[in-house]
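# here you go, sequence then predicted model.
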Amino acid sequence: MNIENPPPYTQWGLPPGAKVRLGKGGLEEVRYSPDGTQLAVTGLIGIWLYDVHTYKEIALLQQGQDQGADTLPFSWEGTTLFTQNWDDTISFTLWDTQIGQRQITLREHTKDIQNIILSPDGTTFASVGWDKAIRFWDSRTGRLRSTVIGHTEPIMTLAFSADSKTLATGGFDHTIRLWDVSDGSCLSTLTGHEDDIRHLAFSPNGIILASRSQDKTACLWDVSTGEKVVTLLTDIEEYGKTVFSPDGTLIATNCDDHSLRIWNADTGIEHTRLIGHKALVWDITFSPDGKTLASVSEDSTIRFWNVNSGTEKGVITGHARWSNYLDFSPDGTLLASNTSDNILHLYDMNTYIESASFDSHGDYLGQVAFSSDGEMLASASDEKIFLWHVNSDTQSAILQGHTDYIRTLAFVPNSTTLASGSDDNTIRLWDIDTGNQLALLTGHTDNILAVAGSPDGTILASCSADGTLRLWNANTGHPLTVLKGHTEKIGAIVFSPDGRVLASAGWDGTIRLWDPQNCEHLSTFAVPDNLYALAFSTDGNILAGGGQDDKVRLWDVHTGNLRAVMSGHYADIEALVFSPDGKTLASGGDDGTILLWDLRVI
C-alpha cells in the first residue's frame, strides 16, 4: 500500500510508527483569531486551525500524549492561544506567535477545576471548580495572586468583562456573582435563575451580562443595577451557550432542536433562525467583523453562517467523536469505518482519501464487517442490521429480529452467513442473500460482546459479559462447548489465520489462548488494563490488543512476550484490524481518529 498524495493533514503530528491518521477527532469549542482570518477548533487530539476563506486545514497543535484537549476551555487573545490540559496536575499551555509554546502548572485548587479563562488584556487567568473557590493567577508566571470565596456550591462558568476589570461567575447555587478583579471583592449577586448556571458572557461594552441556565432560559442582566432586563426561552439545559456580536447588538444561542437563534440584544426579539445541524450544537462564535457565525456540533461538522441572511456559507467535515469499528476489504484496498456522524466511510488505501460513504439517515451505526468476497458490507444499528452493496454504494436489505442493542457482527468465512450478537443475550445467524434468519443461538446469560468465525467457516465463537466463551457449529448453530477460565466479562475474541488458536481478552487482566478444535486452554498472559479489541497478524505470530489505556500492544503469540507498545490515541481503543498484506495495523477508538501503523518499522 503506497501513499499517493494523501491530504497533508493526515500526516501532521503522527506518533512514532504511524504513517497516516484518518479523521480529525471530535469537536468541542471554537474561536476566531483576533484578525478573523483563522478559526481554532478544539478536540480530543489537539487544536485544529482552519483558514476561514478556504475552509482548509492550516495546522494541528498538540500538547503531548497525556494532555489531550477534551472539553478544554480555551481562548485566543492577541498573539496567544491558550488551552487547559487535563492531566495528573492542573496545567495549561500557551501557544504564543512570538515566544512559542510554554506550559504553566496550577497547584492550589483542592478539587477538580471546572473552567479557566484568560483576561482580555492577557495578564490574568481566573479559575473555578468544585472547591467553590475563585482563583486569580499571573498569566506570565503562573503565580497565584488571590483566592476569593462566595459561592455556596461548585462553580461551573465564568467570564471577564472586555476591560478585564470585572469577573462574573455562576454555578450550582443558582446565583451569578460579579467580582472586582483588582481586589477580589464581590460587587453584586444576581438571582433569578431556578437551576444551575452553565454559561456567562459580557456584552462588548460591559453593560449587559448574558447567562444560560439549566432552567432552559437565557437572561440578560444590567450589570450596574443587577436587574434582569430580558429573558429568552431556549429549550436547552446543560450545554447552552450565549455569545454577543462584536458590536453588542445581537445575541446568538444554541437550542435543543439543533438550531441556532440570533436575537436583538435590546428587545429580545428573534432576528434569525439558523437550521442545518443534525445534532446538538456545542459551541458558537462570531467573527470579529460580526458578519459570520461559526458553530460546531455533535453532528461532527463546523458550519459558517451569514448573520444577516441566515444562510449557510460553508461547512467543514472530517471530525468525529469516535471511530470504534473498522474492517479491511478482503483485497486490502478499502478500509471501512463507522463513526459518530452515523455514516459508514470507505477509505481508499492507496490515496487515504474517502472513496465512498453510506448514510444511515440518522440511525446509529455500530459494528461493521465486509463479506468474504468483499461485495457486501454489514453494519449494526441499534436493533437492526444494514446490508450495503460496496460497488454500487446502495443499501441491500435491513435485517431485524434482535430485541436489544446489537454489539457485534461477523461474517462466517466462505459462506453467505452473517452472525450477530446483542444485548438481548442471543446470537442470530442470517442468510445475506435472502435476508432470512437461519438460527437463534441461546445460552449466554448476559450481553454478547463479540462473535468471530473460524477461517474454515465451521466454528462460531462468542463471548459475553457473563464471563464465558462459547463455541457453536457455524452452519447449524448447535452448541459445541463452553470454555471457562476468565473471571470477568470477556470483551474481545479472534481466531488466528490458520484457525488453530482462539484468543480471548477478559476484564480480569488476562489474554487466554485456546485450541478451538480440542477445546483446550493453551496459555495465559497478563495485560495491564481492560482490552476492547484483539487482532492476529496475517502470519499468526503477533497478537495485537487495545483498550482502556489508549495504547496498542503487540505480543508474541508463542512466548507471550510483549513485542511493542504504540502510543498515539487520546482515548480508549475500540477497534484493531491487520491489512491482508500484513504490513499495516489500523486502530480506531474514542478519540475519533484512525491510525495506520507501519509494521515494517515497529
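Cool, got the structure.
# in the stretch 151-300 of the chain, which spans are strands?
Under the criterion DSSP state E, counting those that start in this stretch, the stretch 151-300 of the chain contains strands at 155-160, 166-171, 176-180, 186-190, 197-202, 208-213, 217-222, 228-233, 242-244, 250-254, 260-264, 270-274, 281-286, 292-297.
# could you do the stretch 451-600 of the chain as well?
Under the criterion DSSP E, counting those that start in this stretch, the stretch 451-600 of the chain contains strands at 459-464, 469-473, 479-483, 490-495, 502-506, 510-515, 520-526, 531-536, 542-547, 551-556, 562-567, 573-578, 584-589, 594-598.
# of the ones you listed, which is nearest residue 29?
strand 584-589 (21.4 Å; CB to CB). Where C-beta positions appear, they are placed from N, C-alpha and C, glycine not excepted.
# what's the mean pLDDT across that closest one?
Strand 584-589 shows a mean pLDDT of 96.
# buried stuff in it?
584, 585, 586, 587, 588, 589 (16 or more other CB atoms under 10 Å).
# I figured the last one hits residue 325, correct?
No: with contact defined as CB atoms under 8 Å, residue 589 does not reach residue 325; the gap is 10.2 Å.
# shared neighbours, those two?
574, 575 (CB atoms under 8 Å, 6 or more residues apart in numbering).
# from residue 19, how far off is residue 601?
For residue 601, the distance to residue 19 equals 9 Å [CB to CB, to the nearest Å].
# okay, those two: which has more neighbours?
Counted by other CB atoms under 10 Å, residue 601 and residue 19 do not tie: residue 19 has more neighbours, with 19 against 9.
# pLDDT weak spots in this structure?
Residues of the chain that meet the criterion pLDDT under 70 lie in 1-6, 63-109, 237-238, 361-362.
# what's near enough to touch residue 59?
12, 48, 49.
# repeat that for 10 Å
Taking CB atoms under 10 Å, 6 or more residues apart in numbering, we find residue 59 in contact with 9, 12, 13, 38, 40, 46, 47, 48, 49, 50, 95.
# follow-up on the earlier one: how about the strands of the stretch 151-300 of the chain in a markdown table, adding mean neighbour count and distance to residue 330?
Output for the strands of the stretch 151-300 of the chain, formatted as a markdown table (neighbours: other CB atoms under 10 Å; distance: least, CB to CB, whole Å):
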| stretch | mean neighbour count | distance to residue 330 |
| --- | --- | --- |
| strand 155-160 | 23 | 51 |
| strand 166-171 | 24 | 55 |
| strand 176-180 | 21 | 60 |
| strand 186-190 | 16 | 64 |
| strand 197-202 | 23 | 49 |
| strand 208-213 | 24 | 51 |
| strand 217-222 | 21 | 54 |
| strand 228-233 | 16 | 55 |
| strand 242-244 | 21 | 50 |
| strand 250-254 | 25 | 44 |
| strand 260-264 | 20 | 45 |
| strand 270-274 | 17 | 44 |
| strand 281-286 | 23 | 39 |
| strand 292-297 | 23 | 36 |
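# take the ones you listed and lay them out in JSON lines including distance to residue 367.
JSON lines is the format used below for the strands of the stretch 151-300 of the chain (distance: least, CB to CB, whole Å):
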{"stretch": "strand 155-160", "distance to residue 367": "36"}
{"stretch": "strand 166-171", "distance to residue 367": "40"}
{"stretch": "strand 176-180", "distance to residue 367": "46"}
{"stretch": "strand 186-190", "distance to residue 367": "50"}
{"stretch": "strand 197-202", "distance to residue 367": "35"}
{"stretch": "strand 208-213", "distance to residue 367": "37"}
{"stretch": "strand 217-222", "distance to residue 367": "40"}
{"stretch": "strand 228-233", "distance to residue 367": "40"}
{"stretch": "strand 242-244", "distance to residue 367": "39"}
{"stretch": "strand 250-254", "distance to residue 367": "32"}
{"stretch": "strand 260-264", "distance to residue 367": "34"}
{"stretch": "strand 270-274", "distance to residue 367": "35"}
{"stretch": "strand 281-286", "distance to residue 367": "26"}
{"stretch": "strand 292-297", "distance to residue 367": "25"}
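# which one of these lies nearest to residue 400?
Using CB to CB and comparing these, the one that lies nearest residue 400 is strand 292-297, at 29.9 Å.
# please state the offset of the closest one from the chain centre?
18 Å (CA atoms, centre = their mean, to the nearest Å).
# now stretch 476-490
The answer for stretch 476-490 is 33 Å, by CA atoms, centre = their mean.
# so for that stretch, first residue to last residue, what's the gap.
End-to-end span of stretch 476-490 (CA to CA, to the nearest Å): 24 Å.
# same check, this time on stretch 48-58
End-to-end for stretch 48-58, by CA to CA: 8 Å.
# quick one: buried residues of that stretch?
48, 49, 50, 52, 57.
# contact partners for the residue most central in space within the chain?
By CA atoms, centre = their mean, the mean C-alpha position of the chain lies nearest to residue 321, the distance being 2.6 Å. Residues in contact with residue 321 (CB under 10 Å, 6+ apart) are 25-28, 43-44, 279, 298-300, 339-341, 571, 590-592.
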